[in-house]
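Peer 1: Coordinates for the following, if possible.
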Amino acid sequence: MDAEAKTTIDDLFELKGAKREARAYAFLWAAFRRTEISANPVRDALDCLIPFVAPYTNKIAGKQVTAEGIQTYLKDDFGFDIPQYAIDQLIKALAKQGFVAYRPQVRVHFAVPHESKFDVVKSEIETEFDDITADLATYAETVGFTVTPPPSGSWGQALIAFLRVRTDKNAASIVRIKGALVDPSSAEMAVVAAFIRKLHTDSPEHFEKIVHIFMGVLIEDFISSVTEIGSFSPDKPVTVLYDTAVLLRQLGCSGKSLKAATNELTRYLQDLGMQIRYFAGNETEVSNILNTIVYVKDTGRELEGETAAAIADGEITTTSLRMLQNSFPEHLARFNIFPAGDLESNAAGAARFQIDEAGFSTYLATQARRSGRAYSAQNRTNDAGFLASIMRLRRGNRARDLSECGFVFVTPNTFLAYASRRFLIEERMLGHNDFPPIMSLSQIATIAWLLKDQTIPPEKAGRELLANCFAAVRPDAEWFKYFREGIEQVVSGSLEDYSTNGINALTIQAARRIAQDESFGSSAIVRQLNMAEILSRAEVEQKRMLVEQEERRANDQKLAEEERALIMQQADQARAQELEQARTRERSAVEAAVAEAKAEILAQLAEERKRTAHRYAQWVVTALKISLLLALIAVVAEAFYLQNEEAHSSGTL
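Peer 2: Predicted structure coming up:
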């Protein structure tokens, strides 16, 4: 009975703070999951907000309804960050369903009392938020995060802040943690990210609950970022241009998981009829990055970023990267990803659509500084150039939907995606309803999922969440340098020599994960860690992992044997059943043949009897004819005799 218990939006008001927000996001996902996705997923997603707005319109029944009022209500009561242009579309949907009424005399909408009958099964939105946040607080204490309360106010708020794609970081502040001065907000995000990754392996059921919240966040971000999608036409293909980091993921330089996710996204976009290209600047960046990685590894220095982690985890080798140095365009071509070429050169002369690249670079620097982010001058210059190229390619196209925008640049840098849109709106080069020139990977992936799968697959959303977790705890080159130095002091030798042994290599991987979690990805903290203790714990962890691997292998082997035995049993049963069916068919065929032969014989006998009867009848008729003929002859002879006798008698007289 409990599993079938229903819950409504009104029940959410009994909750407070982050717990209500978490349940609201899960409710939003549950509502969206029940929606039949049409050719207009944006409208379908907006309709899922109607149950949330219904309590507000009932509360102010008879009063004027404004986009600002709904926006404030959704933000204050549920934490939803929905722009006004999206709410303008939502008001139209509210009017169609009778929640508001338009009065043409005053040209405003008024709230109408209207019962909302929308509910979901309570178990669908159960987040176990209290248990998860309690475990998160315990985990933070375990890894030595001593800031109380956490910068977000509570660990529940910290979890929601991490899951929100749009969350802007506060200005950086410095506190002492583990003897080092660090930004507590960055450390808090690293703790949450490491905790979610831990849940993925240790507590899949809790990880699934977090994914449900995250899918609600993805829907909110989708509503906030995309006005329309439209129908794609082969005559007007949309060209997607991949950023450098996306190209590296496609090539496998960022590890197996990110490669699989990017390859899948590429297939989805191409199946939808989109073309995928890359700018010359991105090609140069990929080449420079590959050359730098190989050079750094050859000279024994430390890397940073996704590739560094992939190499450390053994998912890619320096040899593989070396082979890509001069052949990566050919590798990309195998995926039908080609240079922009003529597209880029033809757009170079569209000067009247040129943006202020220097101004955007400065804007990025200002926004990054306010939110405590690192954004190098070279990266700002390059990204400003990519935005300028997209705007020149569009040539003033201010389409509302993806299918009409012509060109879009895709990047894993969500900060760049949001900052570029805000900058263009402020410069009056883009409207609130216009499709943005730069989209984040999660945004374009959500669109692809909705168009191709007609839903947001939980397993793919979970993979996207793990990618966000990885990015949040990704160390820099300095971190790897201090980690290497600390480990080499313990093992009294080079890290490469120590890692030549397969067991030691696994131990180093475990040590790196432990050090990364306990240092929150901070190079300042990793210097303070006791590497001897870290390595000792890693050895225990590595042994535990080996035991678990053996258990999983044995369990998998047992399951495989059971499955094989079951298959053989089913095959034997199928063969026996087929044999019995063959015998039955044979018996039926024999019986049918016997019946047919019997019928044929009976028919032949009947025909023979008929022919015999005909012969008898003919014989009788013939005999009768002969008898009659003989009788006739006798009569004639007798008559002739009598006539002769009579004549003779007459002559005598």
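Peer 1: For residue 601, grab phi and psi.
Peer 2: Backbone torsions for residue 601, taken as degrees, to the nearest 10, come to phi -60, psi -50.
Peer 1: For burial, what's the neighbour tally of it?
Peer 2: Using other CB atoms under 10 Å, residue 601 is surrounded by 10 other residues. All C-beta atoms are positioned from the backbone trio N, CA, C, and that covers glycine.
Peer 1: how near is it to residue 644?
Peer 2: 63 Å (CB to CB, to the nearest Å).
Peer 1: Give me the residue ranges of the stretch 201-350 of the chain where confidence is low.
Peer 2: 227-231, 233-234, 300-305 (pLDDT under 70).
Peer 1: How about the stretch 451-600 of the chain?
Peer 2: Those would be 477, if you go by pLDDT under 70 across the stretch 451-600 of the chain.
Peer 1: tell me which residues in the strand or helix carrying residue 30 are buried?
Peer 2: Per DSSP states H and E, residue 30 falls inside helix 17-33. By neighbour count with 16 or more other CB atoms under 10 Å, helix 17-33 contains the buried residues 18-33.
Peer 1: closest to residue 241 among those?
Peer 2: residue 32 (29.1 Å; CB to CB).
Peer 1: who touches the closest one in this structure?
Peer 2: Residue 32 sits next to 44-45, 48, 215-216, 219, 456 when contact means CB atoms under 8 Å, 6 or more residues apart in numbering.
Peer 1: what's the closest residue in space to residue 190 that isn't next to it in sequence in contact with, if anything?
Peer 2: Leaving aside its sequence neighbours, residue 190 sits nearest to residue 520 (CB to CB, 6 or more residues apart in numbering; 3.9 Å). Contacts for residue 520 (CB under 8 Å, 6+ apart) come out as 143, 145, 177, 182, 186-187, 190-191, 194, 473.
Peer 1: switch to 7 Å and redo it
Peer 2: 187, 190-191 (CB atoms under 7 Å, 6 or more residues apart in numbering).
Peer 1: what about residue 490, distance to residue 561?
Peer 2: Residue 490 is 43 Å from residue 561, by CB to CB.
Peer 1: Tell me where the stretch 451-600 of the chain has helices.
Peer 2: With DSSP state H, counting those that start in this stretch as the criterion, the stretch 451-600 of the chain has helices at 458-472, 477-491, 495-499, 502-519, 523-526, 531-652.
Peer 1: Pick the most buried one from these.
Peer 2: Compared across the helices of the stretch 451-600 of the chain, helix 523-526 shows the largest average neighbour count, a mean of 22 (mean count of other CB atoms under 10 Å).
Peer 1: I'd like to know which elements that one is packed against.
Peer 2: Under the contact definition 3 or more CB pairs under 7 Å, 6 or more residues apart in numbering; DSSP states H and E, helix 523-526 sits against strand 180-182, helix 477-491, helix 502-519.
Peer 1: And the contacts of that helix?
Peer 2: Contacts to helix 523-526, defined as CB under 7 Å, 6+ apart, come from residues 177-178, 180-182, 476, 478-479, 482-483, 515, 519.
Peer 1: sorry, back to before: out of the contacts of residue 32, name the ones that lie in helices.
Peer 2: 44-45, 215-216, 219 (DSSP state H).
Peer 1: that older thread, ok, the contacts of residue 520 vs residue 117, which is closest?
Peer 2: Residue 117 has its nearest neighbour among the contacts of residue 520 in residue 191, at 41.7 Å by CB to CB.
Peer 1: and that closest one, what helix or strand is that in?
Peer 2: Using DSSP H and E, residue 191 falls in helix 184-202.
Peer 1: Which elements pack onto that helix?
Peer 2: So helix 184-202, by 3+ CB pairs under 7 Å, 6+ apart, packs with helix 129-142, helix 155-163, helix 204-225, helix 458-472.
Peer 1: Tell me the buried residues in the third one?
Peer 2: Going back to what we said before, that points to helix 204-225. Neighbour count says helix 204-225 has 206-207, 209-225 buried, by 16+ other CB under 10 Å.
Peer 1: What distance do you get for the most centrally placed residue in the chain to residue 216?
Peer 2: The C-alpha lying nearest the average C-alpha coordinate of the chain belongs to residue 460 (CA atoms, centre = their mean; 3.2 Å). Note on residue 460: its distance to residue 216, by CB to CB, is 15 Å.
Peer 1: now do residue 140
Peer 2: 24 Å.
Peer 1: ok so, going back, redo the contacts of residue 32 as TSV? Include distance to residue 136.
Peer 2: Listed next are the contacts of residue 32 as TSV, based on distance: CB to CB, whole Å:
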residue	distance to residue 136
44	33
45	29
48	28
215	19
216	19
219	24
456	24
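Peer 1: Which one of those residues is nearest to residue 286?
Peer 2: Using CB to CB, the shortest approach to residue 286 within these belongs to residue 456, at 30.1 Å.
Peer 1: contacting residues around that closest one?
Peer 2: 215, 218, 446, 449-450.
Peer 1: and with 10 Å instead?
Peer 2: 29, 32-33, 37, 211, 214-216, 218-219, 222, 445-446, 449-450, 464 (CB atoms under 10 Å, 6 or more residues apart in numbering).
Peer 1: again, but for residue 178
Peer 2: 143-146, 187, 518-520, 522, 524-529.
Peer 1: ok so, going back, indicate which one of the helices of the stretch 451-600 of the chain is closest to residue 121.
Peer 2: helix 458-472 (16.2 Å).
Peer 1: quick check, distance from that closest one to the centre of its chain.
Peer 2: 10 Å (CA atoms, centre = their mean, to the nearest Å).
Peer 1: now the angle between helix 184-202 and that helix, please.
Peer 2: If you take axes from the mean of the first three to the mean of the last three CA atoms, to 10 degrees, helix 458-472 sits at 140 degrees to helix 184-202.
Peer 1: Mind giving me the packing neighbours of helix 458-472?
Peer 2: helix 17-33, helix 155-163, helix 184-202, helix 204-225, helix 256-271, helix 306-312, helix 441-453 (3 or more CB pairs under 10 Å, 6 or more residues apart in numbering; DSSP states H and E).
Peer 1: Tabulate those in TSV, adding columns for distance to residue 110.
Peer 2: Listed next are these as TSV, based on distance: least, CB to CB, whole Å:
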stretch	distance to residue 110
helix 17-33	25
helix 155-163	34
helix 184-202	43
helix 204-225	24
helix 256-271	43
helix 306-312	53
helix 441-453	33
